[in-house]
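Trainee: Following is a predicted model, sequence given first.
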Amino acid sequence: MSWITKTLTSSIGRKIIMALTGLFLCSFLVVHLSGNFQLFKHDNGLAFNAYSEFMSHNTIIRILEWGLVLGFGGHIVQGLSLYFKNRAARPVGYQVNHIEQNSSWESRSMALLGTIVLFFLVVHLYNFFGQLRYTDVAVDANGNENAYALVVSSFHNPWYVALYVVAQMALLYHLVHGFGSAFHTLGLNHRKYTPLIQAVGYGFAIVVSAGFASMPLYFLLFTDASGELSSTAPQALQSLMLALR
């Protein structure tokens, strides 16, 4: 076995893979969130459908999808491997009355939080990617697949919205611990800059999770079945949406 294989299969090697894939997936979240903000444009989904069409058919984007699959796969596999390896190393729980004094709740719950996010991801991919890629979808006025209609329909399902919001809460805590932990694993620690990294991690987790959660809540609470603002929407929100037209 080469030294590279030994390194990558060791505990520290697995943690490095987790850190690198985690930071890569953070960049994906930024791109995905930025594109999804097209949903808030008051144009019957034309901008979002154009964005979705580009992401679905651009050759470079399609190639990058495989990198994304590998990133998710590597992060999940290494996370599970570390979890079970740690469990095997201490089959009997610590005899400590207050383990919360030694670690944060999110650090002890990374496997649970990751599992919730993974379950949501499977449902989310089936609900959108699967239908857009493998079924016939109606087109909009510009001839693009009407992904916006799928979004509106899904976000008027209270159960799906509840799952979506719970998943974003899990993602929030997963990112709160994972962001700073990734830099720590990569050895990027400094007495002066580590607090800044932690603060950026908290801000990033809140903005990303709240941004994603705002979308299903907006459609469920303030729009009708076609995605148009309902009469129950606050006046300030109606003015903002009209400004985005």
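Mentor: On my side now, so go ahead. Only a predicted model underlies this, so the values are computations on that prediction, with no experimental measurement involved. Numbering: from 1, shown residues only.
Trainee: As a check, name the ranges of all helices in the chain.
Mentor: 3-9, 11-36, 46-57, 59-89, 105-108, 110-124, 131-134, 147-154, 158-185, 194-222, 235-243 (DSSP state H).
Trainee: Just the C-alpha atoms of the fifth one, please, in PDB.
Mentor: Extracted as PDB, the C-alpha positions of helix 105-108 are listed here (Å, rounded to 0.1, in the frame of the first residue of the first chain):
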ATOM      1  CA  TRP A 105     -24.100  19.900  20.700                       C
ATOM      2  CA  GLU A 106     -23.600  20.400  17.000                       C
ATOM      3  CA  SER A 107     -20.100  18.700  17.100                       C
ATOM      4  CA  ARG A 108     -21.600  15.700  18.900                       C
END
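Trainee: Excluding chain neighbours, what is closest to Gly211?
Mentor: Leu33 (5.0 Å; Cβ to Cβ, 6 or more residues apart in numbering). For the C-beta atoms, the positions are set from N, CA and C on the backbone; glycine is no exception.
Trainee: Could you point out which residue ranges in this protein have low pLDDT?
Mentor: 1-11, 82-84, 86-103, 190, 236-245 (pLDDT under 70).
Trainee: thinking again about what came up before, need the contact list for the residue nearest to Gly211.
Mentor: By Cβ atoms under 8 Å, 6 or more residues apart in numbering, the residues touching Leu33 are Val208, Gly211, Phe212.
Trainee: could you dump those residues to JSON lines with neighbour count and distance to Asp43?
Mentor: Listed next are those as JSON lines, based on neighbours: other Cβ atoms under 10 Å; distance: Cβ to Cβ, whole Å:
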{"residue": "Val208", "neighbour count": "19", "distance to Asp43": "25"}
{"residue": "Gly211", "neighbour count": "17", "distance to Asp43": "20"}
{"residue": "Phe212", "neighbour count": "19", "distance to Asp43": "21"}
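Trainee: from these, which single one is nearest Asp136?
Mentor: Asp136 has its nearest neighbour among the contacts of Leu33 in Phe212, at 27.8 Å by Cβ to Cβ.
Trainee: give the contact list for the closest one.
Mentor: Phe212 neighbours (Cβ under 8 Å, 6+ apart): Leu33, Asn36, Tyr164, Gln168, Leu171.
Trainee: measure it to Val122 for me?
Mentor: Counting by Cβ to Cβ, to the nearest Å, the separation of Phe212 from Val122 is 16 Å.
Trainee: do the same with Leu217
Mentor: The gap separating Leu217 from Val122 is 22 Å, by Cβ to Cβ.
Trainee: Give me the more crowded residue out of the two.
Mentor: More crowded of Leu217 and Val122, by other Cβ atoms under 10 Å: Leu217, with 15 against 9.
Trainee: Now do the same contact list for that one.
Mentor: Applying Cβ under 8 Å, 6+ apart to Leu217 gives the contacts Val161, Val165.
Trainee: Once you drop chain neighbours, what's closest to Arg14?
Mentor: Distances taken as Cβ to Cβ, 6+ apart put Gln78 closest to Arg14, at 4.7 Å, once the chain neighbours are dropped.
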